[in-house]
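Chemist: dropping a prediction and its sequence here:
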Amino acid sequence: MATTRGGKYRDTPTDSQVPHLKTVFSFLGLTDVAFVYAEGLNLGAEAEEAGINSAYQQIEEAVRPLAHAKAHVETAELALA
């Protein structure tokens, strides 16, 4: 789940988005949800760039285990062939 914000609220008491979304997703049976934060987008050009770069890094970290899992599946398929 990607979130964008003008300020910086991640892991603070003023974060009203993520706790609400986690509750809704949990109600729907989705409990393993990763959040990507692009924050500080309204705090000037430098903060905006830093927020977007941070989001890209978070995405890379979130998909890295999936890429490794795919490589293991492809290796196992080759071994069976």
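Modeler: Looks like it came in fine. Residues are numbered from 1 along each chain as shown.
Chemist: so which strand or helix has Leu41?
Modeler: According to DSSP states H and E, Leu41 maps onto no helix or strand at all.
Chemist: does Ile25 belong to a helix, a strand or coil?
Modeler: One thing to correct before we go on: residue 25 is Phe, not Ile. helix (DSSP: H, G, I helix; E, B strand; the rest coil).
Chemist: can you say which helix or strand has Asp11 in it?
Modeler: In the assignment (DSSP H and E), Asp11 maps to no helix and no strand.
Chemist: tell me where the protein has strands.
Modeler: Counting by DSSP state E, the chain has strands at residues 2-4, 36-38.
Chemist: low-scoring stretches of the chain, by residue?
Modeler: Within the chain, the stretches with pLDDT under 70 are 70-81.
Chemist: one step back: among the strands of the chain, which is the most enclosed?
Modeler: Each of the strands of the chain was scored by mean neighbour count; the highest is strand 36-38, a mean of 19, by mean count of other C-beta atoms under 10 Å. C-beta coordinates here come from the backbone N, C-alpha and C atoms, glycine included.
Chemist: elements contacting it?
Modeler: Under the contact criterion of 3 or more C-beta pairs under 8 Å, 6 or more residues apart in numbering; DSSP states H and E, strand 36-38 touches strand 2-4, helix 45-80.
Chemist: which residues touch that strand?
Modeler: By C-beta atoms under 8 Å, 6 or more residues apart in numbering, the residues outside strand 36-38 that reach it are 1-5, 10, 51-52, 54-55, 58-59, 62.
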